[in-house]
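> sequence and predicted structure, then a few things I'm wondering about:
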Amino acid sequence: MTNDLPPTNRNGIEHMRNAVLFEGTDRGQRLSRFWILLILASTIAAAGIVAESTAAVIGAMIVAPMMLPIQGTMLSTVLGDRVNLVRSIALMATGAAVAIGIGFIVGLLVANDVVAATNNQVAGRVHPGLIDLLAALATGVVGSFALIRRDISDTLPGVAIAISLVPPLVVSGLTLESGAFEESLGALLLFVTNVASILATGVVVMALFKVQRSPALNSAPAMSIMHKHKAGIAITTMLVLVAIPLTISSINTGAATVRENTIRAAAEQWADEAGWDLVTVNTGLNRVFLRVTGPLPAPDTDELAAQIAESGIDPSVVEVELVPSRFVNLETPSSP
């Protein structure tokens, strides 16, 4: 009898199921492993973000097992397996909630607020844009390809680092505890972007490799079959919905960067003419904060406001902190 299934179906379906689906006799052991690694990875990520340790955050990315339920959701969609689809989505959602909760708890233990203005690890994860979507789509392709091709599975640690699943969730918890709700939603949006990208690219890669449900699975009594087309439409819709706020964020970020650079140029010229120095320029929520320092008397800020207005920017969005300074030459004290 001729087997009409594609080679990938004949040789790889069982391997892929064992890799990402939580089923079979060892399901309990795999679930305990998932939760232990997730809790440890979230704790490492939270500590690394608070301490601004890039090495610790990268280590947490490698340890984190969040890729499994996401790819399990994707594979269940391709195979039309309703039971494992629900199981994978539930595990992904509860895992995300636990990671956010750990970030929140660590935030309670830290004296200072962990927000973008004071932490570079947070700042890099709370304003996702279209470039993050592009990176997530490319990484999702690599992850799906590695799932199908066992001979390139050694790329998975690199995929875990590139896709960054647990750190955004932990940042969401940390900023939520700090009261920075917009930043918390931004970090959560980054996580959802990565999830949608993995699902969308995974379905496409599986289709290209002709991965499909085996006819034998259709007759399995324990298998609940679902329509793949409806699931595919849902994933596509999710990706489009994610792209909308990312597009808005990219536009706003670009406009904020142009505004900050324009204000910086005007402030540097104004400070230089007054004999003062521009120390920092920070952009907050619809505000730009300048910190300048120099000897008394303080320079006239009306001149700076006029220069900013000439550049087409409303000077009322700019807040200036003037820090007077003076230099003292120390002399050798005379002997008593």
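Nice, thanks for sending it over. Since the model is a prediction, treat every value here as computed from it, not as a measurement. Residues are numbered from 1 along each chain as shown.

> next structured bit after the helix or strand bottoming out on mean pLDDT in the chain?
Counting by mean pLDDT, DSSP states H and E, the weakest-scoring helix or strand in the chain turns out to be helix 215-218, with a mean of 48. For helix 215-218, the following helix or strand on the C-terminal side (DSSP states H and E) is helix 228-274.

> what packs against that following helix?
Applying 3 or more C-beta pairs under 8 Å, 6 or more residues apart in numbering; DSSP states H and E, we find helix 228-274 packed against helix 67-79, helix 130-148, helix 181-208, strand 277-284, strand 287-294, helix 301-310. Any C-beta I mention is one placed from the backbone N, CA and C, and that applies to glycine too.

> relative to Val318, which of the ones you listed is closest?
Shortest distance between Val318 and the helices and strands packed on helix 228-274, using C-beta to C-beta, is found for strand 287-294: 5.0 Å.

> could you tell me the angle between that closest one and helix 228-274?
30 degrees (axes from the mean of the first three to the mean of the last three C-alpha atoms, to 10 degrees).

> what pairs with strand 287-294, parallel or antiparallel?
strand 277-284 (antiparallel), strand 318-324 (parallel) (DSSP bridges).

> using PDB, list the CA coordinates for it.
The C-alpha coordinates for strand 287-294 follow below in PDB (Å, rounded to 0.1, in the frame of the first residue of the first chain):
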ATOM      1  CA  ARG A 287       7.200  66.200  27.600                       C
ATOM      2  CA  VAL A 288      10.900  66.900  27.000                       C
ATOM      3  CA  PHE A 289      13.000  67.500  30.100                       C
ATOM      4  CA  LEU A 290      16.300  69.500  29.900                       C
ATOM      5  CA  ARG A 291      18.900  69.700  32.600                       C
ATOM      6  CA  VAL A 292      21.500  72.500  32.200                       C
ATOM      7  CA  THR A 293      24.200  73.700  34.600                       C
ATOM      8  CA  GLY A 294      26.500  76.600  34.800                       C
END
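
> that one - what's its average pLDDT?
Mean pLDDT, computed over strand 287-294, is 90.

> that one: which residues count as buried?
Buried residues in strand 287-294, defined by neighbour count with 16 or more other C-beta atoms under 10 Å: 288, 290-292, 294.

> so what touches it?
Contact with strand 287-294 is made by 259-260, 263, 267, 271, 274-283, 299, 317-325, as judged by C-beta atoms under 8 Å, 6 or more residues apart in numbering.

> just give the closest residue to Leu91, not the sequence neighbours.
Residue nearest to Leu91 in three dimensions, not counting chain neighbours: Pro69, with 4.1 Å by C-beta to C-beta, 6 or more residues apart in numbering.

> then Arg87?
Phe22 is the one closest to Arg87 (C-beta to C-beta, 6+ apart), at 6.2 Å.

> cool, and Phe327?
Nearest residue to Phe327, sequence neighbours excluded (C-beta to C-beta, 6+ apart): Pro295, at 7.9 Å.

> tell me the domain ranges of the chain?
7-226, 256-324 (automatic domain parsing).

> how about JSON lines for the ones you listed, with distance to Pro245 added?
Listed next are the domains of the chain as JSON lines, based on distance: least, C-beta to C-beta, whole Å:
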{"stretch": "domain 7-226", "distance to Pro245": "6"}
{"stretch": "domain 256-324", "distance to Pro245": "16"}
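
> for Val242, find the nearest of the ones you listed.
Within the domains of the chain, the stretch nearest Val242 is domain 7-226; the backing value is 4.9 Å (C-beta to C-beta).

> assign a three-state SS to the residue nearest to Arg87, would you?
In three-state terms, and counting by DSSP: H, G, I helix; E, B strand; the rest coil, Phe22 is coil.

> tally of neighbours for it?
Counted with other C-beta atoms under 10 Å, the neighbours of Phe22 add up to 17.

> residue contacts, it?
Here Phe22 is in contact with 30-31, 34, 68-69, 72, 84, 87-88, 91 (criterion: C-beta under 8 Å, 6+ apart).

> redo that, cut-off 7 Å
When contacts are counted by C-beta atoms under 7 Å, 6 or more residues apart in numbering, Phe22 is found next to 30-31, 72, 87, 91.

> again, but for Thr247
Leu130 are the contacts of Thr247 under C-beta under 7 Å, 6+ apart.

> what of Val106?
46-47, 50, 174 are the contacts of Val106 under C-beta under 7 Å, 6+ apart.

> switch the cut-off to 8 Å
43, 46-47, 50, 170, 173-174 are the contacts of Val106 under C-beta under 8 Å, 6+ apart.

> looking at those residues, which are in helices?
43, 46-47, 50, 170, 173-174 (DSSP state H).

> could you tell me the least trusted of the domains of the chain?
domain 7-226 (a mean of 85).
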